[in-house]
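Participant: Got a predicted structure plus its sequence, pasted below:
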Amino acid sequence: MTRLLSPDTAVSRYWHLLDDGKVQCDLCPRFCKLHEGQRGLCFVRQNRDGQIVMTSYGRSSGFVIDPIEKKPLNHFLPGTPIFSFGTAGCNLACKFCQNWDISKSREMDTLMSRAGPVAIARAALEHACASVAYTYNDPVIFHEYAIDTAQACRELGLKSVAVTTGYVCAEPRAEFYRYIDAANVDLKAFSEEFYRKITGGHLQAVLETLQYLKHETPVWLELTTLLIPGANDSEAELHAMTQWVVEHLGPDVPMHFTAFHPDWKMQDTPPTPRSALLLARSIALKNGVRYAYVGNVHDKSAESTYCHGCGKLLIGRDWYELSEWNLDDAGNCRFCGSACAGVFNPLPGNWGAKRLSIKF
């Protein structure tokens, strides 16, 4: 378990001392170099007494039970409730952030809810959740808190889900994903220029995380791309992205194309038209992605899962409500027997679109 300096402060293992007396944080590829007392871009990691500490351990912006499809995960325990929480801050600087009030917050008062790892795991179990999600902001920056919670969950038979940008260094990445069962990674675009200018990060680090997850772990992986008009939605970029996914990750990794709405520092950019999402889905399917979805718009046909073998409807979705279910107990198509990639129970859950706030 993590070494705590106080209930709110945990010591990080990922840092080293520089010749000029600063301390470099080695958790993510940003490599913040900090004077005594200085915080990194994420705001929750600080040089304190010559070591990097996490200053928000055990504190959250809120605890909520969501449908797992909201993460979004369509092939991991469909229909089940997932206990979800995040902290504050982020290690990217996305100008379009849709959760900016949490991820860009530099006010620790944002973190009004308190619960330790064991309390979270027990609450999730008591509310009949199948899993716990580290979400709303990136679990990379609350690495220690997330790992301790995932370990507590595993002891109670609960799964852990990371909703992340994948912007993390190799050693902490390996430690973190030892305790994670599924991940939805934001592949924000497929150009270095977009990552550098709009997120303040770099594409290659994310691609390395994706390949690591797919080829070196048993973690179930799905991808999400928020399509922003004029920024990352060109047909050429979508072809390049989806071809890369099939070549390097395989055809069975689901892709979610979701709609942008004007927010944070991109208020003058128009919302994503439904037609752009459907075009992206069509390009993905044409390039060999077997499971491609749209999100943040209502389109049952493009939210549902189809058999890659015979084309029949396997899992019907209407927003977060499941309708048709044509998988057998082994997760195969009832019509032709082809396997549907994913992690499935013999029967789907029935949580639906409910959202429940939890107080400790």
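Facilitator: Now that the structure is in, tell me what you want to look at.
Participant: Go through the helix or strand encompassing residue 209 and flag the buried ones.
Facilitator: In this assignment (DSSP states H and E), residue 209 forms part of helix 203-216. Neighbour-count burial for helix 203-216, counted by 16 or more other CB atoms under 10 Å, picks out 203, 205-210, 212-214. Every C-beta, even on glycine, is put in place using the N, C-alpha and C of the backbone.
Participant: With pLDDT as new columns, can those residues be given to me in a markdown table?
Facilitator: Shown next, in a markdown table, are the buried residues of helix 203-216 (pLDDT from 0 to 100):
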| residue | pLDDT |
| --- | --- |
| 203 | 98 |
| 205 | 98 |
| 206 | 98 |
| 207 | 98 |
| 208 | 98 |
| 209 | 98 |
| 210 | 98 |
| 212 | 98 |
| 213 | 98 |
| 214 | 98 |
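Participant: Those residues into CSV, with extra columns for distance to residue 195?
Facilitator: Converted to CSV, these look like this (distance: CB to CB, whole Å):
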residue, distance to residue 195
203, 5
205, 9
206, 8
207, 10
208, 13
209, 13
210, 14
212, 18
213, 18
214, 20
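Participant: roughly how far apart are the nearest residue to residue 221 once chain neighbours are set aside and residue 222?
Facilitator: When the adjacent residues along the chain are set aside, residue 221 lies closest to residue 213, with 5.0 Å between them (CB to CB, 6 or more residues apart in numbering). Using CB to CB, to the nearest Å, we find residue 213 at a distance of 10 Å from residue 222.
Participant: so what sits against both of the two?
Facilitator: 183, 185 (CB atoms under 8 Å, 6 or more residues apart in numbering).
Participant: Near residue 65, how many other residues are there?
Facilitator: For residue 65, the neighbour count with other CB atoms under 10 Å is 21.
Participant: How are the strands of the stretch 151-300 of the chain distributed by residue range?
Facilitator: Using DSSP state E, counting those that start in this stretch, the strands of the stretch 151-300 of the chain run over 159-164, 182-186, 220-227, 255-259, 292-295.
Participant: Give the pairing partners of the last one; include direction for each.
Facilitator: Looking back up the chat, that one is strand 292-295. Sheet pairing of strand 292-295 (DSSP bridges) gives strand 255-259 (parallel).
Participant: Please work out which of the strands of the stretch 151-300 of the chain is packed deepest.
Facilitator: Highest mean neighbour count of the strands of the stretch 151-300 of the chain: strand 159-164, a mean of 26 (counted as mean count of other CB atoms under 10 Å).
Participant: any idea where the helices of the protein begin and end?
Facilitator: 100-103, 117-126, 143-155, 170-177, 192-194, 203-216, 235-248, 274-286, 300-303 (DSSP state H).
Participant: what's the fourth one in contact with?
Facilitator: Identification of contacts with helix 170-177 by CB under 8 Å, 6+ apart yields 13-14, 26-28, 139-140, 143, 146-147, 162, 168, 183, 208-209, 212-213, 217, 219.
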